[in-house]
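*Asks:* Give me a model of this one.
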Amino acid sequence: MIGIDDILLAVAPDAIKGFVSAIPNAFNKYKFKKFFGKKILESDKAFIVLDPYEHPISSSQLYHGQTRFIKKFHGKKNDVKIIGEDKLLGGCSIRVSKYSTEVLSNYRSKREKIKIVFDEDVINSWDGTYFCFGSSDSNIKTFDVESLPQNKLYSFGYGTDGYRCFIIDGKQFSISDQKDKAVLARFVNPYHNEHYLFICSGLGAWGTSGAAYFLFDQWKELYKRFKKIKNFCLILEVDTKADESAKEIYCKVL
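*Replies:* Numbering: from 1, shown residues only. Got it, this is the predicted structure:
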């Protein structure tokens, strides 16, 4: 006959393992909430905001037989002319969605779905945590966040060469030597203080996805650095076609 002591001896090691593993998990969730915002775990208002673009001629305006795009088959067969969708997303959107959802879904409840939305769907919305991917030339929500009076961290302007650049403390950061530049910024949501507003904005597509990779790969280190700082902005340098190359080259905090 198996006694209660035998059962306890058999179960205790697994119970202890479960208890021990629960401690770091709970601490990681605590850090996650401190860095991404109080409501990031339980609220259904977490938005990944993507930036679609459109062909200047909509499909409804095409005359019979007219096409707008080419689908390349890379030698499998002849390339095909197609009408295509009216709203398109670039390859960058796939990369940033992957980086963000992989990390967010590890900590958030399965019941609380992460919302992936077009920027135009949340133009007038502020209730939630917003992850804005793309510069203010391509993402309306990035433009809205950059335009807030609370943004005293950086501006998106033009350099002396006429090309776009990020400007911080009078310094200009622009694309050079095949290296994209990007902003990674966090702001307290001024309309709902329990949420944060995040911007991952590259001068090019690889800057944007490199900033997204850096944010979700390095969030624990960023948490340590910015425990007592609410608003911060990093300038990152990213090699073309290499998100993992993203490295910090400048920092400003408020």
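*Asks:* make it CA atoms for all contacts and neighbour counts henceforth
*Replies:* Will do.
*Asks:* Spell out the residue ranges of the helices in this structure.
*Replies:* 4-36, 91-107, 140-146, 205-217, 219-225 (DSSP state H).
*Asks:* Single out the most deeply packed of those helices.
*Replies:* Of all these, helix 205-217 has the most neighbours on average by mean count of other C-alpha atoms under 10 Å, namely a mean of 26.
*Asks:* between that helix and helix 91-107, how big is the angle?
*Replies:* Orientation of helix 205-217 against helix 91-107 (axes from the mean of the first three to the mean of the last three C-alpha atoms, to 10 degrees) gives an angle of 10 degrees.
*Asks:* State the pLDDT value of the residue nearest to S105 when sequence neighbours are not counted.
*Replies:* Computed as C-alpha to C-alpha, 6 or more residues apart in numbering, the closest residue to S105 that is not its neighbour in sequence is I114, at 7.7 Å. What the model reports for I114 is a pLDDT of 88.
*Asks:* Check whether I114 really touches I48, as I assumed.
*Replies:* Yes. Between I114 and I48 there is a contact at 7.4 Å, judged by C-alpha atoms under 8 Å.
*Asks:* what about these two, which has more around it?
*Replies:* Shown here are I114 and I48; by other C-alpha atoms under 10 Å, I48 has more neighbours (22 against 19).
*Asks:* My guess is that one contacts G128. True?
*Replies:* No. If you go by C-alpha under 8 Å, I48 and G128 don't touch, sitting 10.7 Å apart.
*Asks:* got the contact list for L254?
*Replies:* K152, L153, I229, K230, N231, F232 (C-alpha atoms under 8 Å, 6 or more residues apart in numbering).
*Asks:* Roughly how far does it sit from F133?
*Replies:* For L254, the distance to F133 (C-alpha to C-alpha, to the nearest Å) stands at 22 Å.
*Asks:* before we move on, what about S245?
*Replies:* Where F133 is concerned, S245 sits at a distance of 18 Å (C-alpha to C-alpha).
*Asks:* So for the two, which residue has more residues nearby?
*Replies:* Ranked by neighbour count (other C-alpha under 10 Å), S245 and F133 place F133 first, with 31 against 17.
*Asks:* so what's the closest residue in space to that one that isn't next to it in sequence bridging to?
*Replies:* Setting aside the residues directly before and after it, F133 is nearest to C200 in space (C-alpha to C-alpha, 6+ apart), at 5.0 Å. On the basis of DSSP bridges, C200 takes part in beta bridges with F133, L184.
*Asks:* Show the pLDDT at C200.
*Replies:* Value for C200, per-residue pLDDT: 98.
*Asks:* what about it, how many neighbours?
*Replies:* 26.
*Asks:* Confirm for me that it is in contact with K181.
*Replies:* No. Taking contacts as C-alpha under 8 Å, C200 lies outside contact range of K181: 10.7 Å.
*Asks:* What residues does the residue nearest to F133 make contact with?
*Replies:* Per C-alpha under 8 Å, 6+ apart, neighbours of C200: 131-135, 182-185, 208-209, 211-212.
*Asks:* can you name the two of the residues you listed that are farthest apart?
*Replies:* F131 and A182 (14.6 Å; C-alpha to C-alpha).
*Asks:* Neighbour count for the two, which is higher?
*Replies:* Neighbour count, other C-alpha under 10 Å: between F131 and A182, A182 has more, with 35 against 23.
*Asks:* For the more buried one, which non-adjacent residue is closest in space?
*Replies:* Going by C-alpha to C-alpha, 6+ apart, A182 has G202 as its nearest residue, at 4.0 Å.
*Asks:* what sits against the one you found?
*Replies:* G134, S135, D180, K181, A182, V183, T208, S209, A211.
*Asks:* May I ask you to name the longest strand in the protein?
*Replies:* strand 242-253 (DSSP state E).
*Asks:* Next, the angle from it to helix 91-107.
*Replies:* 70 degrees.
*Asks:* Sheet partners, orientation included, of strand 242-253?
*Replies:* strand 232-239 (antiparallel).
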